[in-house]
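**Q** missing the sequence, but the structure's below:
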């Protein structure tokens, strides 16, 4: 790119204005990485231009030029991913839609039309002010809507209302050629041809750039409850989850955490975790339209749990307490991050969670290392952490990962439930999928992006 | 095909046994049509072989041969579609999976592994016996799981739990080349590459043959309620729906029906519709885990409705009464069918339903014809019926349809919310989608089915 760099900068400045073409490395630094643990984080290329368009039309013009000149484009959101998905690993353009953050509510249809650069935090807050509830909460509130959609984000509140895929009814996207497509709409049913929208959701910025979305919202739930249930052993904690999920109540989320980890997370943000007995804990999030509904759920859970011998139950009593608990839970990853080599995102059928956990324990024991786990047990989605320790080395780490991926696969699972493939799981996808699936995906990539300019190194590019 | 017909029959008999290769036209007759109104029903070809495989392996072998010899294959389900989707319009093979009807429950994961030939009726019943609830009910219980998935079926109970797409977590499919793919699994979260499964759902048998699916089930709801609310005018009936849907309660379904039509449907099956005042009626289906929850929903609705001046409320008092009401509702189409030229499947954002209905009324008035409507108003999905009348002719019918499709499109709607494209809406999809969308879809078709053997004349083949 270098020889034409000046010419390209001129063209881009013509489109977005010179203020929004950032060429100085020092002002690009936060765009050169995401939240991937440092030992796994891919390196950013040297020759990069950061562009911040303000409209879909500008995005279209930028892509048209890039496509014509075969310049690589890395669409980025809030850079909160954990698999290097948005890291610009080749020379080219970093495309940030952060200035496109308009939110429009359609109250009659209970939907929002949201620009891709809107952050999760602001979307949640503005929705609340408009009387709506956006249940999903994949962790870092700096994530942007475009990123949430392109990675089909999940997180702690995916049981009752589903993952990001279930919220999206319409998409405006720009193809690598600059063409703009409007897919779906404010429509609860739509069977007009192949569902390109669903194909694009989760395609990690490799097929097109998402510029705007129609998102379904829910009425605000007046009643919510946050329970912490500590257990003396892992097995009982996990076993109780399936029973709860089959009882007829549908929690917002069910999280598994361990006391030593959550205490560190609390300390990290100067808080105190409220339940100090029971090393193995469930965090159960409930919401309801009426107090009766909430009470019923609570009673049902209280009926089921004794069988699994919990140490106690803790119920957050105020909104403030609930928020504090969630804030500590959200800090789990950040508090461990400096010690983490890699965070795995293993997902298995829920009834095999115990088998997965046993296998993790066995692997940890065999290799004389610690493999902290926590995660969304209500979704069969568990995060296993490989930490920096004196007795680890690259070979050992690779061996451990291979073993764990194999276990998940044998249990009918996949290497990633929510984090995606990004740039660091490209070998895993090849092992997880058949050659034919990979072929069909590569053909889809080719048809959407014939010059392979969008986010190369990811999934199938 | 004719010259090689005998050879092909031998090959097919080798695969499935001669009992399951049906070559006599008289034994094929029910496979040559679906539920499309007769004036719109495409003609079946003359030279057809009906094959009924018993396993995925047999399906694979059949497709392998067909692909090699470039013989057209029409996968059929229960042939309950309304757009000619499964009609074998060219010489070739009719592939019925009706013998593949095994159902296996995974109670721990609340999922069923269902073979594609299983009928909706038997799936609902067997699930119930196993203690589960499969909420979706797209009408005719003779529909088969494979068909429900390949058409992304909707129907009357799609508000609370979504359409078919939302139930499917895994698919076993056979590609036109005979290759077998296993997509997804018993996994609540899965971000392992592009979501080919979601792409296949709703692709109407043009990309592959679905042989088996992992379907999510719900715990049986002990409490349910069926309300009929009659109004003196259409507008109030429709206006009340949006208000109900924004109140925090989520009904299973909300249907709009007109008294004269539902009375005919009742008569058709020798029943009596229980509410005889108010020409414009809402049928509201509720379910709940507790009686309190149901009561709350009922009270909420009772609070909202007076504003819209209904004539009365009717609440079914027994299960038997509920079932009778649903049976009459399900007979609406059948009872009108002999008089129907075409049934449209217009879908708009819910807040534009009134605009759509006004436009239908205007078109009916202008053209001096009757255009009965009913449908899933909770989903913005309305069925408009064009009837055989003395003063109709082909030109007039085309004009009316064109006008109505245009109205739906101007309101942000689509030509089909649930019935799909099939073989009779191929012009509509071209008008509804952009050239680029059509191009991308045609490329997907090409990659899945390079010899274009699967269900030609549909969507993009």
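**A** Arrived safely, thanks for sending. Keep in mind it's a predicted model, so treat the numbers as computed, not measured.

**Q** could you use CA atoms for every contact and neighbour count after this?
**A** Noted.

**Q** the nearest residue to residue A:116 once chain neighbours are set aside sits in which helix or strand?
**A** Leaving aside its sequence neighbours, residue A:116 sits nearest to residue A:146 (Cα to Cα, 6 or more residues apart in numbering or on different chains; 4.2 Å). Per DSSP states H and E, residue A:146 falls inside helix A:145-150.

**Q** what is that helix packed up against?
**A** Judged by 3 or more Cα pairs under 8 Å, 6 or more residues apart in numbering or on different chains; DSSP states H and E, helix A:145-150 is in contact with strand A:111-115, strand A:209-216.

**Q** and for it, what's in contact with it?
**A** If you take Cα atoms under 8 Å, 6 or more residues apart in numbering or on different chains as the criterion, helix A:145-150 is touched by A:76-78, A:114-120, A:164-165, A:168, A:200-205, A:210-212.

**Q** that's a strand at residue A:93, yeah?
**A** Yes - applying DSSP: H, G, I helix; E, B strand; the rest coil, one finds residue A:93 inside a strand.

**Q** if it is in a bridge, with which residues?
**A** residue A:49, residue A:73 (DSSP bridges).

**Q** that one: neighbour count?
**A** Using other Cα atoms under 10 Å in any protein chain shown, the number of residues around residue A:93 comes to 28.

**Q** quick check: phi and psi at the nearest residue to residue A:91 once chain neighbours are set aside.
**A** Distances taken as Cα to Cα, 6+ apart place residue A:47 nearest to residue A:91, at 4.8 Å, with adjacent residues excluded. Phi and psi for residue A:47, reported as degrees, to the nearest 10, are phi -100, psi 90.

**Q** from chain B, how far out is residue A:47?
**A** 29 Å (Cα to the nearest Cα, to the nearest Å).

**Q** kindly report the same for residue A:161.
**A** 9 Å.

**Q** residue A:54 now?
**A** 24 Å.

**Q** wait, what's in contact with that residue?
**A** Applying Cα under 8 Å, 6+ apart, the residues near residue A:54 are A:16, A:97, A:99-100.

**Q** go again using 6 Å as the cut-off
**A** A:99-100 (Cα atoms under 6 Å, 6 or more residues apart in numbering or on different chains).

**Q** and what of residue A:378?
**A** residue A:254.

**Q** recalculate using a threshold of 8 Å.
**A** By Cα under 8 Å, 6+ apart, the neighbours of residue A:378 are A:159, A:241-242, A:245, A:253-255, A:350.

**Q** do residue A:455 as well
**A** A:72-75, A:86, A:88, A:205-206, A:461.

**Q** who wins for neighbours among the residues you listed?
**A** Highest count within the contacts of residue A:455 by other Cα under 10 Å belongs to residue A:86, 32 neighbours.

**Q** might you report the residue contacts of the residue lying closest to it once chain neighbours are set aside?
**A** Counting by Cα to Cα, 6+ apart, residue A:86 lies nearest to residue A:76, which is 5.4 Å off, once chain neighbours are set aside. When contacts are counted by Cα under 8 Å, 6+ apart, residue A:76 touches A:31, A:86, A:94-97, A:147.

**Q** 6 Å instead?
**A** A:86, A:95-96.

**Q** ok, residue A:294 next?
**A** residue A:288.

**Q** secondary structure element for it?
**A** helix A:291-304.

**Q** so in chain A, where's the weakest helix or strand by average pLDDT?
**A** The weakest-scoring helix or strand in chain A, judged by mean pLDDT, DSSP states H and E, is strand A:218-219 (a mean of 90).

**Q** let me know the angle separating the helix or strand following that one from helix A:291-304.
**A** Of the helices and strands lying after strand A:218-219 in sequence (DSSP H and E), the nearest is strand A:223-231. The directions of strand A:223-231 and helix A:291-304 differ by 10 degrees, with axes from the mean of the first three to the mean of the last three Cα atoms, to 10 degrees as the criterion.

**Q** need the contact partners of strand A:223-231.
**A** A:237, A:278, A:280-288, A:310-311, A:313-316.

**Q** which one of the contacts of residue A:378 is nearest to residue A:427?
**A** residue A:350 (24.9 Å; Cα to Cα).

**Q** now the closest one: closest residue in space that isn't a chain neighbour?
**A** Per Cα to Cα, 6+ apart, closest to residue A:350 is residue A:380, 4.3 Å.

**Q** element containing the residue nearest the centre of chain A, please.
**A** When Cα atoms, centre = their mean is applied to chain A, the residue found nearest the centroid is residue A:153 (3.7 Å). Applying DSSP H and E as the criterion places residue A:153 outside every helix and strand.
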